[in-house]
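In: structural data only, the sequence is not supplied:
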C-alpha cells in the first residue's frame, strides 16, 4: 500500500490545503493528514477541533485519514510506516524553507518529500490570512469550505 503524510497546523483548513490533499488522494492509496501539536502556539481552534473539521471536509475522498503528532514528523513517519511527505508550495519562499526541511527529513530517516505546486487559485492563501480577514468581517467564502467558514465566524464572535 502506498501511503503518504500531509502535515500542517490547519488552523483552519483552507481550500488550498484541500487542493493538495485531494490531489494526493488520487496519487496514493492512503493520505494521512496530520495536525501538528505545537504547545508553544495558541491556535484559534483546538487540535481536536481541527481534527474533527478535517475529518468532515475530507471524508468525500474515501482514502484520507486524519491524525495528530508532536515532535519530529520523521518519527511519526517511522512509527506509522509512511515513506513520503507531501507538501504544497505556494511561492519560491515556501520552496527555500521546505527544501531544507526535506533534506533534513531525508538525512534523519530516509523519508522522501514530494512537492506539489498549489493551484494558482489558492496560491495566496494562508490560514493566518484567512483568520485576519474573517476577524475584520471580510468575506472568506470560496477560500475555505462552508463548514469551516461557519465555525470560523462563530469562533471569532466568541473571542
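Out: Great, that's in hand. Keep in mind it's a predicted model, so treat the numbers as computed, not measured. Numbers count the residues shown, from 1 in each chain.

In: from now on I want contacts and neighbour counts done on CA atoms only, so please keep to that.
Out: Noted.

In: residues near residue 25, how many?
Out: For residue 25, the count of nearby residues is 20 (other C-alpha atoms under 10 Å).

In: likewise for the one 3 residues further on?
Out: If you count neighbours by other C-alpha under 10 Å, residue 28 ends up with 14.

In: what's stretch 152-159 in contact with?
Out: Residues outside stretch 152-159 that contact it (C-alpha atoms under 8 Å, 6 or more residues apart in numbering) are 12, 44, 131, 134-135.

In: how about that stretch: buried residues?
Out: By 16 or more other C-alpha atoms under 10 Å, the buried positions in stretch 152-159 come out as residue 152.

In: let me see the mean pLDDT of it.
Out: Computed over stretch 152-159, the mean pLDDT rounds to 91.

In: then stretch 52-66?
Out: Model confidence over stretch 52-66, given as mean pLDDT, is 97.

In: what of stretch 103-111?
Out: 97.

In: now stretch 137-144
Out: Mean predicted lDDT for stretch 137-144 stands at 96.

In: cool, and stretch 25-45?
Out: On average, stretch 25-45 scores 93.

In: so which residues make contact with that stretch?
Out: Outside stretch 25-45, the residues within contact range by C-alpha under 8 Å, 6+ apart are 1-12, 21, 24, 47, 50-51, 61, 63-70, 155.

In: can you flag the buried ones in these?
Out: If we count by 16+ other C-alpha under 10 Å, the contacts of stretch 25-45 have these buried: 3-12, 21, 24, 47, 50-51, 63-69.

In: can you flag which of those residues belong to strands?
Out: Using DSSP state E, the members of the buried ones among the contacts of stretch 25-45 that fall in strands are 3-8, 64-69.
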